[in-house]
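In: Sequence and predicted model, in that order:
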Amino acid sequence: MKQELADELITTFPDLYKNLRDHEFEFGDGWFLLIKDLSSQLISTSFFQNSLKDGKSPPSIIIIKEKFGHLCIAFDKQIDKEILDLVQKFSILSEKTCEHCGQPGTIREPLSRRKRIKTLCVLCSTEYNQHQ
């Protein structure tokens, strides 16, 4: 993801991304709005809000990346069912959203073994497979 988009997420949701490894969002720009929506919903959960209210550090994301075409997230501490359900919901949405442009997409196998499985739209898939 472009650095300015990553910076926007880190600035907008500092408690959520304070422990993010290397401040890296390991996926393409096409998932930016998806991640922004997920982040907004995560910080609105009762678990997150109650942690802040109780003076405790809320769970923060330490890894957020694409793996085998879908969104994978790891937290620095135990999370509750509400947060887990949100992460699962957005992981499913990521499998239908082009990682490069944000348009509807599907998980696609690359034509070359040197490339990775990605969720891409038809146009981005064609471009991805043409470039080595």
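Out: Arrived safely, thanks for sending.
In: ok, and the helix or strand in the protein with the lowest average confidence?
Out: Each helix and strand of the chain was given a mean pLDDT (mean pLDDT, DSSP states H and E); the minimum falls on helix 122-130 at a mean of 88.
In: Not counting that one itself, show me its contacts.
Out: Helix 122-130 has contacts (C-beta atoms under 8 Å, 6 or more residues apart in numbering) with 30, 98-101, 103, 105, 108, 110-112, 115, 118, 120. Using the backbone N, CA and C atoms, a C-beta is placed for each residue, glycine as well.
In: now that helix, how far from the chain's geometric center?
Out: How far helix 122-130 lies from its chain's middle: 21 Å, per C-alpha atoms, centre = their mean, to the nearest Å.
In: in it, what's buried?
Out: 124-125, 128-129 (16 or more other C-beta atoms under 10 Å).
In: sorry, back to before: what about burial for the contacts of helix 122-130, which qualify?
Out: Neighbour-count burial (16+ other C-beta under 10 Å) applied to the contacts of helix 122-130 gives 30, 98-101, 105, 108, 118, 120.
In: and the two most separated of the contacts of helix 122-130?
Out: Gln103 and Ser112 (22.8 Å; C-beta to C-beta).
In: wait, which of the buried ones among the contacts of helix 122-130 is closest to Lys67?
Out: Lys67 has its nearest neighbour among these in Lys118, at 10.4 Å by C-beta to C-beta.
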